[in-house]
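Q: How does the following fold in three dimensions:
(one chain, ligands or ions: 1)
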Amino acid sequence: MEKGPSFLFAGVSFDKKKFATDLARFKENKESENLADDFSFVEGEKTDPEKAMVSFVKKRKRKSIAGVEGFNVFKSSKQLAPAVDKEKEKVEDGPSKAKKELNKQIERDAVFRKKYNIHVSGANVPSPLRTFAELSSRFGCESYLLRNLAEHGYKEPTPIQRQAIPVLLSDRECFACAPTGSGKTLAFLCPMLMKLRCASKDGIRAVILCPTRELATQTTRECKKLAKGNKFQIKLMKKELVRSTDLSKFSCDILISTPLRLRLAIRRKKIDLSRVEYLVLDEADKLFEVGNLLKHIDPVVKACSNPSIVRSLFSATLPDFVEELARSIMHDAVRVIVGRKNTASESIKQKLVFAGSEEGKLLALRQSFAESLNPPVLIFVQSKDRAKELYGELAFDDIRAGVIHSDLSQTQRENAVDDFRAGKTWVLIATDVIARGMDFKGVNCVINYDFPDSGAAYIHRIGRTGRAGRSGEAITLYTEDDIPFLRNIANLMKASGCEKTAIMLYQHPHELGNMSMSRNYVNILKHKAMGCYEFISICFTVTSCGKLLQITGVPYRSKSAAASTAL
Ligand SMILES: Nc1ncnc2c1ncn2[C@@H]1O[C@H](COP(=O)(O)OP(=O)(O)OP(=O)(O)O)[C@@H](O)[C@H]1O
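A: Next comes the predicted model:
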């Protein structure tokens, strides 16, 4: 692997004209000369990646404090962003009248953003979009794209689209966080298609990185649908493409890939990414996970060496370390957050179910399917072995189930997704391989059969339901072993507006009447005492010889009485 400065500095070879002011400041500051030494995520180095990341961020912070202004994403830039926003261009013509108008516009924008729960930081943030028609009046959008938006039934932009689209159309770098299912894909595809304007054979012009093949396939399909009527070459980086094409001569308008595939193509010194004008890192926090960043992302972003490249990061979860990194690598970027950062979508009704043990989980699942199975249902498990195991169990039941995990071939994975989309299977058992970004229409319920291993995993998993304004349900089963991790999830539930939710107790029929019911009840109280459930009103659902006996909305103080009634 070729050595050199990391990707983080790929964009630092400025367009000297465009950034003359910054360059002057940069020259004045001697400390900034060694910036490229700060971060050496170069493969083969023996440094601990996590330590490298922490030390990198610290160094950047120090340098930022020392005044390397050109690199501080939130520093107000003296030059106006090269916005194509005509309203703002007017300001330069007239003196105080224009200034007044600009101030009014800024106020109107603030009110509008508040209405849609949009939070922005950065200098000269372009006005949000009121309607899709503004794409044409403000930015000269071509008719094919407006037609395609209408054909999709998209009547008005979602909040993330309202703000991220004008930002990217103004050639500003952007990192954006908005809830699952809120239309982030269109928020980066639409400005990309508009900026590329028409098909060209001038190398690879735009790259979208997605963490999984399934998501890359889905994004390619969405991109082609949106580009219908234009002759753009939109390519998915598949194994066959790598095998059958001379990548050194390869060109396309938009290339969509997983980091691994693209990195392999670069490593064999075949593919030329030096002309890429737009780079999107979708599910950025997943891509930036330490192992990935070192191995796959750094070489790709580094290879995209065009000095005027516009990079953007999108995700429903944006942890602080990704923000820190984004702040230090992007120039004059705009941060767009919709709603509260790192929370689950508010349109999902969330429940916790205490299943006691592993056997209890299977019982709870069977019981709830017997009572009411409202397909499509997605079930997440923690590993491929768990997926195979549960698939084996459900195969004996009268349920049309499919399974997807990384041990399956590419075709088998595609078939599992297609069958679920087509309604041939009602229930899809999956590992986290499809937890992010996948847009299955109308999933009614997500079941976390195995407890998610992080808050982010929880948010993305349950985000497969309740999309595009629809409602959905998410049920998380837990056992005694999961209790230490419960508070994190309970807090996420609370943060997403889940005031009341149910904790259900599943009890094996032969256990009813003995002490285990009371034991489980005591456990619930114990968890509550741990502070997990202050906000939750408990509802008991107890299996009794195959029948459900339900006690709902039991206020805390009278719970013991209700529980004894149940027993
Ligand atoms: N303006 C719009 N109006 C109505 N529906 C829309 C609009 N934009 C996108 N959608 C639909 O919303 C759904 C979710 O969009 P998308 O997959 O882009 O969400 P996302 O924010 O990327 O979610 P995730 O975080 O899970 O990746 C899709 O079915 C898409 O077709």
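Q: Just the closest residue of the stretch 251-400 of the chain to the ligand, please.
A: residue 316 (3.9 Å; C-beta to the nearest ligand atom). C-beta coordinates here come from the backbone N, C-alpha and C atoms, glycine included.
Q: let me redo that: the stretch 351-500 of the chain
A: Scanning the stretch 351-500 of the chain for the residue nearest the ligand gives residue 468, at 3.3 Å (criterion: C-beta to the nearest ligand atom).
Q: How about the contacts made by that residue?
A: Neighbouring residues of residue 468 by C-beta atoms under 8 Å, 6 or more residues apart in numbering: 181-183.
Q: Okay, buried residues for stretch 316-333 please.
A: 316-319, 321-333 (16 or more other C-beta atoms under 10 Å).
Q: ok, now stretch 251-266?
A: Quick answer for stretch 251-266 (16+ other C-beta under 10 Å): 252-259, 261-266.
Q: Also stretch 358-372?
A: Quick answer for stretch 358-372 (16+ other C-beta under 10 Å): 360-369.
Q: what do you get for stretch 421-434?
A: In stretch 421-434, counting by 16+ other C-beta under 10 Å, buried: 421, 425-434.
Q: cool, and stretch 122-133?
A: 122-129, 132.
Q: which one among those residues gets closest to the ligand?
A: residue 132 (7.8 Å).
Q: mind checking how far that closest one is from residue 420?
A: Using C-beta to C-beta, to the nearest Å, residue 132 is found at 31 Å from residue 420.
Q: Could you do residue 229 as well?
A: Taken as C-beta to C-beta, the span from residue 229 to residue 420 is 30 Å.
Q: And residue 375, by the same measure?
A: Distance from residue 375 to residue 420, by C-beta to C-beta: 9 Å.
Q: Give me the helix or strand of this structure that scores worst on average pLDDT.
A: Across the helices and strands of the chain, mean pLDDT, DSSP states H and E gives its lowest value to helix 559-566, namely a mean of 33.
Q: mind showing which ranges of the chain have poor pLDDT?
A: Applying pLDDT under 70 to the chain picks out residues 1-95, 269, 292-294, 499-567.
Q: at 50 instead, please
A: 1-84, 509-515, 535-567 (pLDDT under 50).
Q: Could you tell me which residues of it lie near the ligand?
A: With C-beta under 6 Å from any ligand atom as the criterion, the chain meets the ligand at residues 154, 157-158, 161, 178, 180-186, 316, 437, 439, 463, 467-468.
Q: dump the residue contacts of residue 437.
A: Contacts of residue 437 by C-beta under 8 Å, 6+ apart are 185, 210-212, 215, 218-219, 282-283, 460.
Q: need the residues you listed in TSV with neighbour count and secondary structure, can you?
A: Shown next, in TSV, are these (neighbours: other C-beta atoms under 10 Å; DSSP: H, G, I helix; E, B strand; the rest coil):
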residue	neighbour count	secondary structure
185	23	helix
210	26	coil
211	25	coil
212	20	coil
215	24	helix
218	21	helix
219	25	helix
282	23	strand
283	23	coil
460	26	helix
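Q: so which of those comes closest to the ligand?
A: Closest to the ligand, out of all of the contacts of residue 437 and judged by C-beta to the nearest ligand atom, is residue 185, at 3.2 Å.
Q: Grab the nearest non-local neighbour of that closest one.
A: residue 222 (5.6 Å; C-beta to C-beta, 6 or more residues apart in numbering).
Q: count of neighbours near that neighbour?
A: Other residues near residue 222 number 17, with proximity taken as other C-beta atoms under 10 Å.
Q: how near is the residue of the stretch 351-500 of the chain closest to the ligand to residue 341?
A: Separation of residue 468 from residue 341 (C-beta to C-beta): 21 Å.
Q: likewise residue 97?
A: To residue 341, residue 97 is 38 Å away according to C-beta to C-beta.
Q: Equivalent analysis for residue 309, please.
A: Distance from residue 309 to residue 341, by C-beta to C-beta: 26 Å.
Q: picking up where we left off before, of residue 375 and residue 420, which one has the most company?
A: residue 420 (26 against 18).
Q: measure the nearest residue to that one once chain neighbours are set aside to residue 403 for me?
A: Nearest residue to residue 420 in three dimensions, chain neighbours excluded: residue 428, at 4.4 Å (C-beta to C-beta, 6+ apart). According to C-beta to C-beta, residue 428 and residue 403 sit 7 Å apart.
Q: Check the contact lists of those two and give me the overlap.
A: In contact with both residue 428 and residue 403: residue 416, using C-beta under 8 Å, 6+ apart.
Q: how close does residue 121 get to the ligand?
A: 20 Å (C-beta to the nearest ligand atom, to the nearest Å).
Q: Report the beta-bridge partners for the closest residue to that residue other than its chain neighbours.
A: Closest residue in space to residue 121, ignoring its immediate chain neighbours: residue 335 at 4.5 Å, by C-beta to C-beta, 6+ apart. Bridge pairing for residue 335 (DSSP bridges) gives the partners residue 121, residue 175.
Q: So residue 335 sits against residue 123, correct?
A: No. Here residue 335 does not reach residue 123: they are 11.2 Å apart, not a contact under C-beta atoms under 8 Å.
Q: buried residues in the longest helix along the chain?
A: Ranked by number of residues, the top helix in the chain under DSSP state H is helix 96-115. Residues 105, 109, 112-113 are the ones in helix 96-115 that count as buried (16+ other C-beta under 10 Å).
Q: How about stretch 436-449?
A: If you call a residue buried by 16+ other C-beta under 10 Å, then stretch 436-449 has these buried ones: 436-440, 443-449.
Q: In a markdown table, list the residues you listed along with secondary structure.
A: Supplementary listing: the buried residues of stretch 436-449 in a markdown table, determined by DSSP: H, G, I helix; E, B strand; the rest coil:
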| residue | secondary structure |
| --- | --- |
| 436 | coil |
| 437 | coil |
| 438 | coil |
| 439 | coil |
| 440 | coil |
| 443 | coil |
| 444 | coil |
| 445 | strand |
| 446 | strand |
| 447 | strand |
| 448 | strand |
| 449 | coil |
